[in-house]
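K.L.:
Quick one: sequence and predicted model below, then my questions.
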Amino acid sequence: MSESGDVKAAVRARVGEVREELLSLSRRIHAHPETAFEERQAAGWCADVLRGHGYAVTAPAYGLETAFEATVGSGPVTVALACEYDSLPGMGHACGHNLIAAAGVGAALALAPYADELGLTVRVLGTPAEESGAGKALLLDAGAFDGVDAAMMIHPCPFEVADFRSFAMGSLDVTYTGKSAHAAMNPQDGRNAADALTVAQVALGLLRQQLPGEWKVHGIATEAGTALNAIPERSRAAYALRTPSVEELRELRGRVEDCFRAGALATGCEIDLAQPSPDYLDFRSDPQLVALWSANARELGRPEPQVRGPFASTDMGNVSHVVPSIHPVLDIGSGTSGPHQPEFTAAAATPAAERAMLDGAVGLAWTAADFALGRQLSRRATAGPSSQRP
């Protein structure tokens with residue numbers, strides 16, 4: 001199977017052979033949503049499918065209970081396929097991670113019979129906690145992407161993008177501690193932690209007037225008192241900060257933290273600022289992989305890709321700073337403005353979404369094969385004519 005066309009035909013046929021298995025996997029994950037670091041069923045189902053098709057599976061992996069690693073092939077070129085499967089609290093799979101997991105598994109199954117012939121080692125990584133917790137950043141630090149030549153995954157959306165860009169994103173947890181007092185009898189003895197949060201939110205609102213348009217600050221109050229007739233002695237908030245680059249994120253974090261400190265200063269409360277998870281770095285697509293994917297997407301008849309600036313954040317960005325990566329976005333015809341809303345949860349289980357998932361599996365496998373074959377040709381060209389002598 002020396003010709004690229006032969007490889008692609010075989011890979012596409014292979015995805016057709018395992019089609020029902022992939023649809024079943026996607027539907028099961030969608031029907032049983034699990035949030036960050038709780039994805040025990042989803043990780044297990046993905047690992048079982050891969051194990052059943054000859055992959056050597058390690059689970060759990062890299063110190064994370066709901067991560068796994070599956071490998072096949074022994075070629076000199078290592079491609080990592082990332083499978084996300086966490087859901088959003090209260091919304092289920094409103095980001096379509098059921099499709100991401102099934103597409104990654106599908107690409108892996110399609111490549112398995114031809115990995116050695118292509119000069120590939122295929123490494124499938126079950127990557128928990130993309131929505132919160134930065135699972136891939138933790139896996140990166142633990143060595144999961146060591147020795148990887150290219151990393152790839154797909155993501156569902158209401159539009160098509162080949163050259164994906166993302167915001168860098170940082171998390172910030174804030175806790176104010178004041179002093180409780182009776183709200184009518186002796187309020188002067190209290191230190192109002194809810195007021196501290198209010199002051200900080202006003203400061204943030206004013207700060208937004210001076211922020212660049214692509215810098216974003218958003219969050220929620222998670223605690224602000226328990227009884228209306230008692231001065232709240234504790235308040236908490238969780239915030240996210242987004243900028244086009246990680247360098248800008250560091251500047252924004254300092255300015256936002258000062259707003260929260262202002263709340264403590266104004267009310268006499270104590271403040272604790274914490275970063276609950278690693279920063280999500282901005283995603284940087286590899287031009288060579290984008291070109292390969294784009295050609296394959298056209299061959300699959302995918303919609304013409306849009307050119308868009310950053311519109312989301314992902315911990316795959318952390319991987320892209322270390323390993324050549326792609327994160328193409330596939331249109332699932334959701335009829336919504338985007339993920340993270342209940343309507344997208346329903347859209348992630350439709351026939352249109354499943355067609356996109358199967359295209360994603362084929363496209364990823366084709367791109368991995370093209371990348372490996374390109375590496376082989378490059379090595380031969382570098383070695384020169386002597387490499388062809390008996």
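P.N.:
That came through fine.
K.L.:
would you list every one of the helices in the chain?
P.N.:
Taking DSSP state H as the criterion, the chain carries its helices at 4-17, 19-31, 40-52, 97-111, 115-118, 135-142, 193-207, 246-267, 287-299, 316-320, 342-347, 351-383.
K.L.:
Centre of the chain to the second one, how far?
P.N.:
Per Cα atoms, centre = their mean, to the nearest Å, the displacement of helix 19-31 from the mean C-alpha position of its chain is 20 Å.
K.L.:
follow-up on the earlier one: can you add distance to H218 and mean neighbour count and give the helices of the chain back as TSV?
P.N.:
(Each C-beta comes from the backbone N, C-alpha and C, glycine too.) Formatted as TSV, those follow (distance: least, Cβ to Cβ, whole Å; neighbours: other Cβ atoms under 10 Å):
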stretch	distance to H218	mean neighbour count
helix 4-17	39	16
helix 19-31	27	18
helix 40-52	27	20
helix 97-111	21	29
helix 115-118	43	19
helix 135-142	21	23
helix 193-207	10	20
helix 246-267	11	18
helix 287-299	29	18
helix 316-320	18	26
helix 342-347	18	19
helix 351-383	27	20
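K.L.:
Tell me which of those sits nearest to A227.
P.N.:
helix 193-207 (11.5 Å; Cβ to Cβ).
K.L.:
ok now the closest one, how far from the chain's centre?
P.N.:
Distance, centroid of helix 193-207 to centroid of chain: 31 Å (Cα atoms, centre = their mean).
K.L.:
Which strands or helices does it pack on?
P.N.:
Where contact means 3 or more Cβ pairs under 8 Å, 6 or more residues apart in numbering; DSSP states H and E, helix 193-207 is packed against strand 168-177, strand 216-224, strand 234-243, helix 246-267.
K.L.:
ok and it relative to strand 234-243, angle-wise?
P.N.:
20 degrees (axes from the mean of the first three to the mean of the last three Cα atoms, to 10 degrees).
K.L.:
got a list of contacts for helix 193-207?
P.N.:
174, 176-178, 217, 221, 224-225, 232-235, 237, 255-256, 259-260, 262-264, 266-267, 269, 271 (Cβ atoms under 8 Å, 6 or more residues apart in numbering).
K.L.:
Mind checking the helices of the chain for the one nearest to P156?
P.N.:
Ranking those by proximity to P156 (Cβ to Cβ) places helix 97-111 first, at 5.0 Å.
K.L.:
Centre of the chain to that closest one, how far?
P.N.:
Between the centre of helix 97-111 and the centre of its chain there are 15 Å (Cα atoms, centre = their mean).
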